[in-house]
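Trainee: starting from these lines, generate the structure:
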Amino acid sequence: MSTPLPVSRRDFLATTGATTAAVAWTAQSYAKIIGANDRIRTAFIGAGGMGSGHLGAIKQLKEPDNVEAVAVADCWLTRAQKGAENVGAPHAMQDYRKLLDIKEIDYVTIATPEHWHSRMTIDALDAGKAVYCEKPMTHSIPEAQEVMKKQKETGLAVQVGVQAMADDSYSSAAKAIEEGVLGQVVQAQIEYVRRYDKQGPWRDPDISDSTPQPSDLDWNAWLGKAAKIPWNPHHYHEWRCYSAYSGGICTDLFIHRITRIMKACKLTYPRRVVGMGGIWQWPDCRDLPDNFEMICEYPRGMTVYVLGTMSNRVPVDHLIRGYRGTLYFTPTGWVAKDKDGKTLASHTKTGGEDIVPHHSNLHRHLRTGEPLNCPVELGMAGVVAVNMANESWRTSKVMGWDTVNQRMVPADTLDLGHSPESSAAAG
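Mentor: Here you go, the predicted structure:
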């Protein structure tokens, strides 16, 4: 593994577009700039459930964004062929590396199980392609560090698929907090709750032990770096239940939520993280929790709580607490109120949690250098938090972030202070 790249809070703010107008010009220095009227050519790795959503987004953007689908790759060849037919792409293939050999492709969308994200992203960057990679950016922290290093080396864009970053509520909230609307921020809470029926999270009632392997599915290719096992329909169709391919609730769902708080509060890596939960309701050979929650403590002097029950959909309010007031996220934006309920500030959002504007943001970035909604630094910060939470759950330990060696370790092995960063305490 190469030397990890530390990210300072100041660098993080700049690369996520959270500071000055000069950021747009900074982005131009590393973007692959395409003329305003030039067609953008894209391709897809993975054409399953989420991949099909991306195919639909590009069909919708074909005319308004002048974008063209060139190729679709999937280890299940029939799925690749159907995807290519759906989006009007001339090429369909089983091996994604052949897709990367097509020179005219400007960027690729990666919508595969998490354990393939880093390898495919790095291969795409090495092939000279920008990347839209579904969340989480990678399966592990070291992989995220490798992706970030490669992005810096190539200067090519990496947009991480946390689609809520297309909603300007969070960048707007960051500006309000920076201006002191809430006073010193001390805590935030958010959730991702669902209620599943008998099958439990991510199980498919149509899949059984006897579900056959498709004749044109390259099972070994799908497994990739994971342990080589005989065909298992549950692992293929229900991969979010297994840690070899996913981080489950934390990486598939929490990443959507905690990234919102990260952007709004300008957070990088947590100081300490606790993950709690268990396989409480569906003991069906899954090895990831079916109910989960996490608490992250950040160096700026605040904690973030994330609830994720899959057994009850009653939510908690999405909010950020400060000494002067509380900011409540709403379906239409946000409102900040003081302790007596007086409105301090409010915002009506533009955009939303949608892959269509998230792709459009990448298109504008490629053409003009517009800052990315979710660049590699923000993707990396999310990977760190959710992986620390999962590791805490697995080991029953509080995990800490070793800032010297840029890695997670048991928190009791670090000399952690209990004062906020001086640069953030007044925010």
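
Trainee: could you chop the protein up by domain?
Mentor: 9-166, 169-198+246-351+376-413 (automatic domain parsing).

Trainee: any chance you could map the strands in the stretch 251-400 of the chain?
Mentor: 272-278, 291-298, 302-309, 319-322, 326-330, 333-337, 343-348, 399-402 (DSSP state E, counting those that start in this stretch).

Trainee: would you list the ones you listed in JSON lines and tack on mean neighbour count, distance to residue 205 and mean pLDDT?
Mentor: Heads up, the C-betas are built off the backbone N, CA and C, glycines and all. Formatted as JSON lines, the strands of the stretch 251-400 of the chain follow (neighbours: other C-beta atoms under 10 Å; distance: least, C-beta to C-beta, whole Å; pLDDT from 0 to 100):
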{"stretch": "strand 272-278", "mean neighbour count": "21", "distance to residue 205": "23", "mean pLDDT": "98"}
{"stretch": "strand 291-298", "mean neighbour count": "23", "distance to residue 205": "20", "mean pLDDT": "97"}
{"stretch": "strand 302-309", "mean neighbour count": "22", "distance to residue 205": "21", "mean pLDDT": "97"}
{"stretch": "strand 319-322", "mean neighbour count": "21", "distance to residue 205": "36", "mean pLDDT": "98"}
{"stretch": "strand 326-330", "mean neighbour count": "20", "distance to residue 205": "34", "mean pLDDT": "98"}
{"stretch": "strand 333-337", "mean neighbour count": "19", "distance to residue 205": "38", "mean pLDDT": "98"}
{"stretch": "strand 343-348", "mean neighbour count": "16", "distance to residue 205": "41", "mean pLDDT": "98"}
{"stretch": "strand 399-402", "mean neighbour count": "22", "distance to residue 205": "36", "mean pLDDT": "98"}
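
Trainee: tell me which of the ones you listed sits nearest to residue 155.
Mentor: With C-beta to C-beta as the measure, strand 399-402 is the member of those nearest residue 155 (27.3 Å).

Trainee: mind listing residues that contact the closest one?
Mentor: Strand 399-402 is contacted by residues 269-275, 384, 388-389, 391-392, 407-414, 416 when judged by C-beta atoms under 8 Å, 6 or more residues apart in numbering.

Trainee: not counting sequence-adjacent ones, nearest residue to residue 267?
Mentor: Spatially, and ignoring its direct neighbours in sequence, residue 267 is nearest to residue 298 (5.1 Å; C-beta to C-beta, 6 or more residues apart in numbering).

Trainee: wait, the one you found sits on residue 270?
Mentor: Yes. Residue 298 is within contact range of residue 270, at 5.4 Å (criterion: C-beta atoms under 8 Å).

Trainee: overlap of the contact sets of those two?
Mentor: With C-beta under 8 Å, 6+ apart, residue 298 and residue 270 have common neighbours residue 304.

Trainee: any idea how far the residue nearest to residue 267 is from residue 250?
Mentor: Residue 298 is 17 Å from residue 250, where distance means C-beta to C-beta, to the nearest Å.

Trainee: just the buried members of the contacts of strand 399-402?
Mentor: By neighbour count, with 16 or more other C-beta atoms under 10 Å, those hold 269-275, 384, 388-389, 391-392, 408, 411, 414 as buried.

Trainee: in helices, which of those residues appear?
Mentor: 384, 388, 389, 391, 392 (DSSP state H).
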